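Enquirer: predicted model follows, preceded by the sequence.
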Amino acid sequence: MTSGVLNLDKKLIAGNYIVTATDENGIIQLGTQVEPGDILIALSGSGNSLNIIKALEMAKNMGLATFAILGYSGGRCMALADSVIHVAVNDMQIAEDTQLIVGHMLMQWLRENPANMDSAKL
């Protein structure tokens, strides 16, 4: 598995790639960068960002496990992701703050459990 960073606008994590997708180009980059066993973690405050919805759909079509961290009602992403962390709050700032907290917790766990990264069952 390789790692790298592709930057555009809204955050998506695909396997070891942090991919931001604002348009079709970002989603195409996602499609060319993933490998078997990679996962996609989608972050959307509303759950209705079209680029995030398209990325989740593409990841599912590619057989990736999909996860989402969502606010508000969870939007369309709620039904698309395999596993969801949903914070039912109607405030974008709090929804985004929650995504940061979960991201920090995930990174801390990965740092403390490096041997589990390759063998984790998602």
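Expert: Cool, the structure landed. Numbers count the residues shown, from 1 in each chain.
Enquirer: have a look at this structure and report its longest helix.
Expert: Counting residues, the longest helix found in the chain (DSSP state H) is helix 92-112.
Enquirer: pLDDT on it, on average?
Expert: Summarised as a single mean, pLDDT over helix 92-112 is 91.
Enquirer: same check on stretch 54-73?
Expert: 90.
Enquirer: and that stretch, what's buried?
Expert: For stretch 54-73, the neighbour count (16 or more other CB atoms under 10 Å) marks 54-56, 58-59, 64-72 as buried. C-beta: built from backbone N, CA, C; applies to glycine.
Enquirer: CSV please, covering these and showing distance to residue 37 and secondary structure.
Expert: As requested, these are exported to CSV (distance: CB to CB, whole Å; DSSP: H, G, I helix; E, B strand; the rest coil):
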residue, distance to residue 37, secondary structure
54, 22, helix
55, 18, helix
56, 18, helix
58, 17, helix
59, 13, helix
64, 9, coil
65, 9, strand
66, 13, strand
67, 14, strand
68, 19, strand
69, 21, strand
70, 24, strand
71, 29, coil
72, 31, coil
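Enquirer: got JSON lines for the residues you listed, with distance to residue 46 too?
Expert: Listed next are those as JSON lines, based on distance: CB to CB, whole Å:
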{"residue": "54", "distance to residue 46": "15"}
{"residue": "55", "distance to residue 46": "15"}
{"residue": "56", "distance to residue 46": "14"}
{"residue": "58", "distance to residue 46": "19"}
{"residue": "59", "distance to residue 46": "19"}
{"residue": "64", "distance to residue 46": "22"}
{"residue": "65", "distance to residue 46": "23"}
{"residue": "66", "distance to residue 46": "17"}
{"residue": "67", "distance to residue 46": "17"}
{"residue": "68", "distance to residue 46": "11"}
{"residue": "69", "distance to residue 46": "12"}
{"residue": "70", "distance to residue 46": "8"}
{"residue": "71", "distance to residue 46": "7"}
{"residue": "72", "distance to residue 46": "5"}
